[in-house]
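**Q** any chance you could fold what I've pasted below:
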Amino acid sequence: MTQGILLFAHDNEQIQYSLLAAWQARRIHKWLHKPVSIVTDSNSLGTLKHYNLDDVFDHIILSDAETTQQKIYSPGTSLTFKNVNRTDAYQLSPYDETLVIDTDIVIQSDRLNLVWNNIEDYLVCQNCKDILGRHWKALEYVNRTGIKFYWATLFYFRKSDQSKEFFDRCNLIKENYEYYTKKEYYIPDTYIRNDHVWSMAVHELGATTMPFTLWFGTNTDPITAMTQDTVVVNGSKIARQDVHVMDKFGLMKFVLKELDCE
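**A** The predicted structure is shown next:
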């Protein structure tokens, strides 16, 4: 029974997701002691090869992003967003058990290892806490009267008929996204959101949630310090716990230092 981490990384105009993935792979090896594979495109792979970082991955899976759209990364900054092929994780993963992790999660504990050898076919992420204790209604329900919100930031699955059914449903929703958001669930999205694809699929098929809490900061919460087991985001110091840092511009600066790629 093989177990491993799968990362999706497609560079855009300013964010080198491939380098975020290489940095995260090193942390996964340190904290989780699991093999790591990357789903990426030829241009992003070129970035990895330029910095001699392609050898940190167990497998390199080339998959050009089939959907290109714009996303607000910070106030006033809109960039190309290609990371919507994670609905293909089931068919792309080389492992019997897979954990998919966003590349902007700062791993500084072994807590994610709790998912392995699970009796459930798949697990989704719902228990997330704001680093400053703020309450976000949009992260509880997809709209004011809608279904519960689930993150696609982090999910686990093992190869099974039930897991395949879940990912088939995610792909169906993604391929008919306008119909599902406008006619079925009345979600005011202007681009495909992985979180909302997951939320709709979970609403229709059900799911068990991850057995731990993930901390997060928004894209307006600056990261100001980072070591191997501590990160400071908007003045909040989090030690020995994993944190989803959405300030990708700030995170990239620390990642480049840690990778010695400046």
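
**Q** where along the chain do the helices fall?
**A** Secondary structure of the chain (DSSP state H): helices located at 17-31, 42-50, 89-92, 161-175, 177-179, 194-205, 248-259.

**Q** chain center to the fifth one, what's the gap?
**A** If I follow you right, that is helix 177-179. With Cα atoms, centre = their mean, to the nearest Å as the basis, helix 177-179 stands 22 Å off its chain's centre.

**Q** what's the answer for the second one, then?
**A** Averaging C-alpha positions (Cα atoms, centre = their mean) puts helix 42-50 20 Å from its chain's average.

**Q** closest to residue 136 out of the helices of the chain?
**A** Closest to residue 136 of the helices of the chain is helix 194-205 (Cβ to Cβ; 12.1 Å). C-beta: built from backbone N, CA, C; applies to glycine.

**Q** run the angle between that closest one and helix 161-175 for me.
**A** Interaxial angle of helix 194-205 relative to helix 161-175 (axes from the mean of the first three to the mean of the last three Cα atoms, to 10 degrees): 130 degrees.

**Q** only the buried residues of stretch 131-151, if you could.
**A** The neighbour-count check on stretch 131-151 (16 or more other Cβ atoms under 10 Å) flags 131, 139, 142, 143, 147, 149, 150, 151 as buried.

**Q** what's the closest of the helices of the chain to residue 59?
**A** Residue 59 sits nearest to helix 89-92 of all these, at 9.4 Å, using Cβ to Cβ.

**Q** what helices or strands is that closest one leaning on?
**A** Applying 3 or more Cβ pairs under 8 Å, 6 or more residues apart in numbering; DSSP states H and E, we find helix 89-92 packed against strand 3-9, strand 151-158, helix 161-175.

**Q** distance to residue 62 and mean pLDDT added to these, as JSON lines?
**A** What follows is these, written out as JSON lines (distance: least, Cβ to Cβ, whole Å; pLDDT from 0 to 100):
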{"stretch": "strand 3-9", "distance to residue 62": "12", "mean pLDDT": "97"}
{"stretch": "strand 151-158", "distance to residue 62": "22", "mean pLDDT": "97"}
{"stretch": "helix 161-175", "distance to residue 62": "19", "mean pLDDT": "97"}
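
**Q** CSV for these, including distance to residue 194?
**A** Output for the helices and strands packed on helix 89-92, formatted as CSV (distance: least, Cβ to Cβ, whole Å):
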stretch, distance to residue 194
strand 3-9, 9
strand 151-158, 4
helix 161-175, 9
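
**Q** for the residue nearest to residue 86 when sequence neighbours are not counted, list each beta-bridge partner.
**A** Leaving out its chain neighbours, the residue that sits closest to residue 86 by Cβ to Cβ, 6 or more residues apart in numbering is residue 8, at 5.1 Å. Assessed by DSSP bridges, residue 8 has beta-bridge partners residue 39.

**Q** can you give me the strands in the stretch 1-150 of the chain?
**A** With strands called from DSSP state E, counting those that start in this stretch, the stretch 1-150 of the chain shows them at 3-9, 36-40, 59-62, 69-74, 77-81, 97-101, 105-106, 122-125, 128-130.

**Q** which one of those strands lies closest to residue 207?
**A** Across the strands of the stretch 1-150 of the chain, closest to residue 207 is strand 122-125 (Cβ to Cβ), at 4.5 Å.

**Q** what helices and strands are in contact with that closest one?
**A** Packing partners of strand 122-125 (3+ Cβ pairs under 8 Å, 6+ apart): strand 151-158, helix 161-175, strand 208-209.

**Q** figure out which of the ones you listed is closest to residue 121.
**A** Shortest distance between residue 121 and these, using Cβ to Cβ, is found for helix 161-175: 4.0 Å.

**Q** so how far is the closest one off the chain centroid?
**A** Worked out by Cα atoms, centre = their mean, helix 161-175 lies 17 Å from the chain centre.

**Q** and stretch 193-202, by the same measure?
**A** Distance, centroid of stretch 193-202 to centroid of chain: 13 Å (Cα atoms, centre = their mean).

**Q** quick one: average pLDDT of it?
**A** Averaged across stretch 193-202, pLDDT comes to 96.

**Q** tell me where the stretch 101-250 of the chain is predicted with low confidence.
**A** The stretch 101-250 of the chain contains no residues with pLDDT under 70.

**Q** all set, thanks.
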